[in-house]
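Undergrad: have a look; sequence and predicted model below, questions after that.
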Amino acid sequence: MNFRQQTLAPALYLVATPIGSARDITLRALDVLASADVLAAEDTRNLRKLMEIHGIPLEGRRVLPYHDHNGSEMRPKLIEHVRSGRSVAYASDAGTPLIADPGYHLASEMRAAGLAVTTAPGPSAVITALSLSALPTDQFHFAGFLPNAKAARQSALMGLRDLSATLILYEAPGRVEDLLTDICEVYGGERPVSLCRELTKRFEEVRHGRAEDVLDSVRATPPKGECVVLIGRAETTEVTDDMIRAALQTALETMRIKDAATAVSGSLSVPRRQVYQIALDMKSDG
Ligand code: SAM
């Protein structure tokens, strides 16, 4: 027996469940599922199946549904259970509740009612993908699912362009090609990208490389199953005065000094004042 039955303090317990391999559940999550007075799940069949795999008896407990479509109706009932001194364990479909999954309003309203919220933490696709992505892990930004419409998706990407962090997106397999196309258009095909698919499952795969190359591979072999797309931060190469002088040299062959300063400042993303001063120095040096 891999779990311990115990008396839990009254609270909402956010229980993380596996994103693939059923054995990725933690022992503590099993304890909470075995011991909670009330069980709630985004998909009640999934939770019952997971409990069955790990030999956790329901012992007469029903699994209450809690999802995006019945949240406002179910929240007062779950809050009342905790208020009456019961422990409520909530699991979303897979991974960590609240992470691109229901549970945020439930936890907020529970807290607003003065009741305790705690967790049995565990797997989440965002961290699993980041750790496998081959991209920098020191800073990351999780933006969930971007909008489906191209214009809205591109403007969301624009808004995230200057992040100095690895950007992590969830995406449905059928839309990965469109997303990568937009990444190439908005960030350029050179950006490092990782496509992490079917993590912890039999066909787990990581495709890593330049955005353009990953897009080509997706066109050649469309991904199936669950996908996370990660984008490396833009390379910030320091622009030296010599680089500015070289660019100005070319620009000044066809432009007046002010126009050349504007053009070079735009192409190298450096302040125009700095470029203009270097151009003036070049002129006075002949
Ligand atoms: N709450 C979950 C978590 O903590 O990761 C995420 C739920 S969200 C509705 C489902 C999305 O997570 C999928 O569309 C996919 O982008 C990602 N995902 C979940 N499991 C995955 C897996 N095994 N491999 C890759 N991506 C996965």
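TA: Everything's here; your move.

Undergrad: check whether stretch 18-25 contacts the ligand.
TA: Yes - residues of stretch 18-25 contacting the ligand under CB under 6 Å from any ligand atom: 19, 20. Glycine gets a C-beta too; all of them are placed from N, C-alpha and C.

Undergrad: hang on, residue 226 packs against residue 196?
TA: No - assessed by CB atoms under 8 Å, residue 226 is found out of contact with residue 196, at 9.1 Å.

Undergrad: between the two, what contacts are shared?
TA: residue 125 (CB atoms under 8 Å, 6 or more residues apart in numbering).

Undergrad: so for the two, which sits in the more crowded spot?
TA: A count of neighbours by other CB atoms under 10 Å puts residue 196 above the other of residue 226 and residue 196, at 25 against 20.

Undergrad: tell me which element that one falls in.
TA: strand 192-197 (DSSP states H and E).

Undergrad: just the closest residue of the chain to the ligand, please.
TA: residue 95 (2.5 Å; CB to the nearest ligand atom).

Undergrad: can you pull the contacts of that residue?
TA: Neighbouring residues of residue 95 by CB under 8 Å, 6+ apart: 16, 17, 18, 19, 101, 123, 124, 125.

Undergrad: and the nearest residue to residue 53 once chain neighbours are set aside, how many neighbours?
TA: Nearest non-adjacent residue to residue 53, counting by CB to CB, 6 or more residues apart in numbering: residue 22, 5.0 Å away. Residues near residue 22, counting by other CB under 10 Å, number 12.

Undergrad: residue 22 is in contact with residue 47, isn't it?
TA: No - assessed by CB under 8 Å, residue 22 is found out of contact with residue 47, at 11.9 Å.

Undergrad: one step back: check what pLDDT the residue nearest to residue 53 gets.
TA: Per-residue confidence (pLDDT) for residue 22: 96.

Undergrad: which stretches of the stretch 101-250 of the chain form helices?
TA: With DSSP state H, counting those that start in this stretch, the ranges of helices along the stretch 101-250 of the chain come out as 104-112, 125-132, 150-159, 176-187, 211-220, 241-254.

Undergrad: the ones you listed: which one's closest to residue 68?
TA: Residue 68 sits nearest to helix 104-112 of all the helices of the stretch 101-250 of the chain, at 9.7 Å, using CB to CB.

Undergrad: briefly note if the closest one comes near the ligand.
TA: No - Helix 104-112 lies out of reach of the ligand by CB under 6 Å from any ligand atom, never closer than 11.4 Å.

Undergrad: now that helix: average pLDDT?
TA: 98.

Undergrad: ok, now stretch 44-57?
TA: 98.

Undergrad: now do the buried residues in it.
TA: Residues of stretch 44-57 classed as buried under the neighbour-count rule (16 or more other CB atoms under 10 Å) are 44, 46, 47, 50, 51, 54, 56.

Undergrad: burial count for the nearest residue in space to the first one that is not next to it in sequence?
TA: Setting aside the residues directly before and after it, residue 44 is nearest to residue 63 in space (CB to CB, 6+ apart), at 4.2 Å. When counting by other CB under 10 Å, one arrives at 20 neighbours for residue 63.

Undergrad: pLDDT score for residue 63?
TA: With respect to pLDDT, residue 63 scores 98.

Undergrad: and it, what does it touch?
TA: 39, 40, 41, 44, 47, 48.

Undergrad: now render the residues you listed as a markdown table, adding secondary structure and distance to residue 272.
TA: Supplementary listing: those in a markdown table, determined by DSSP: H, G, I helix; E, B strand; the rest coil; distance: CB to CB, whole Å:
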| residue | secondary structure | distance to residue 272 |
| --- | --- | --- |
| 39 | strand | 63 |
| 40 | strand | 59 |
| 41 | strand | 58 |
| 44 | helix | 61 |
| 47 | helix | 60 |
| 48 | helix | 65 |
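
Undergrad: save these as a markdown table, and put in distance to the ligand too.
TA: Output for these, formatted as a markdown table (distance: CB to the nearest ligand atom, whole Å):
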| residue | distance to the ligand |
| --- | --- |
| 39 | 18 |
| 40 | 15 |
| 41 | 13 |
| 44 | 16 |
| 47 | 14 |
| 48 | 19 |
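
Undergrad: what's the closest of those to residue 109?
TA: Distances from residue 109 to the contacts of residue 63, taken by CB to CB, are shortest for residue 40, at 13.6 Å.

Undergrad: got the contact list for that closest one?
TA: Residues in contact with residue 40, defined by CB under 8 Å, 6+ apart, are 63, 64, 65, 66, 74, 78, 88, 89, 90, 91.
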